[in-house]
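Peer 1: after the sequence you'll find the predicted model.
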Amino acid sequence: MDARLLRAGDAAWLVELPERIDPVVNARAIDIASRVRGAELAPVLDVVVGYRSVMVYLDPMHDGADGIEARLRSIVAEPPADTVARGTSVEVPVCYDGGFGPDLPDVAAFARCAVGEVIERHLAVEYRVFVVGFVPGFAYMAPVDPRIAAPRRTTPRVRVPRGSVAIAAGQTGIYPADTPGGWNLIGRTPLRPYAPDRSEPFLFQPGDRVRFTRMSASEYRGRTEWGDA
């Protein structure tokens, strides 16, 4: 698989892979990032995985900074450990009722189907976590069933409630905090994607596999981790 190593200023290197949203390409990015972290290169400060890229941040004043390019080129040239790395399986309960999915009627209109079918189609797919970003813990998951892959809303909301499960084009995700957002809100989960007080703050990592399950409003209130039941 073609990969390019590019300078990104004086304090970072960028590994670029083929420009497409693809599990194999994303798995290669995850594999490269894992190898860079495992090499424990002293000048490296952080390694960030994208859909089809890896950004390596470093301290340009470190004594070993001049040798980073050669080490990264060697790592990028190594054969991948797994062509489609599969991460942890995560089950996420979602309440689509009780006003938690205010945009369900709009998605149903886009799909030309009933609201119930939108929910069924959202539940039927196993999603891959491609990237975690935007805000801490926001996982970009795909693929959404094309029938219900409604585009982003024309006018974003100033505040999207934390825990909201949403769709935008071919992706689905969960808002881990109260933030502005333009995705279509179809439900809410009681789980916290990001909790700094947990031993593992992030619920999702790139490469994880996610299945949504349906829960009632009363089940949501009995299980919520948000303290807003």
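Peer 2: Ah, there it is.

Peer 1: now the top helix by length along the chain: mean pLDDT?
Peer 2: In the chain, with assignment by DSSP state H, the single longest helix is helix 23-39. The pLDDT scores in helix 23-39 average 92.

Peer 1: what stretches of this structure score poorly on pLDDT?
Peer 2: 82-86, 228-229 (pLDDT under 70).

Peer 1: what's next to the longest helix of the chain, contact-wise?
Peer 2: The contact list for helix 23-39 (Cβ atoms under 8 Å, 6 or more residues apart in numbering) reads 1, 3, 15, 17-18, 44, 47-54, 56, 71-72, 75-76, 78, 80-85, 128, 130, 206-207. Every residue, glycine included, has its C-beta placed from N, CA and C.

Peer 1: break this protein into its domains for me.
Peer 2: 4-77, 89-222 (automatic domain parsing).

Peer 1: in a markdown table: these, plus mean neighbour count.
Peer 2: As requested, the domains of the chain are exported to a markdown table (neighbours: other Cβ atoms under 10 Å):
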| stretch | mean neighbour count |
| --- | --- |
| domain 4-77 | 16 |
| domain 89-222 | 18 |
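
Peer 1: how close does Ala70 get to Ala81?
Peer 2: Ala70 sits at a distance of 21 Å from Ala81 (criterion: Cβ to Cβ, to the nearest Å).

Peer 1: now do Ala42
Peer 2: In terms of Cβ to Cβ, Ala42 sits 24 Å off from Ala81.

Peer 1: ditto for Ala8
Peer 2: Ala8 sits 25 Å away from Ala81, going by Cβ to Cβ.

Peer 1: do Tyr96 as well
Peer 2: Distance, Tyr96 to Ala81, by Cβ to Cβ: 38 Å.

Peer 1: and Val135, by the same measure?
Peer 2: From Val135 to Ala81 the distance is 30 Å (Cβ to Cβ).

Peer 1: same question for Ile75.
Peer 2: In terms of Cβ to Cβ, Ile75 sits 12 Å off from Ala81.

Peer 1: three-state assignment of the residue of the chain most remote from its centre?
Peer 2: Here the chain reaches farthest from its C-alpha mean at Asp63, the gap being 34.6 Å by Cα atoms, centre = their mean. On the three-state scheme (DSSP: H, G, I helix; E, B strand; the rest coil), Asp63 is labelled coil.

Peer 1: picking up where we left off before, now, which of the contacts of helix 23-39 lie within strands?
Peer 2: Taking DSSP state E, the ones among those that sit in strands are Val15, Val44, Val47, Val48, Val49, Ser53, Val54, Val56, Arg128, Phe130.
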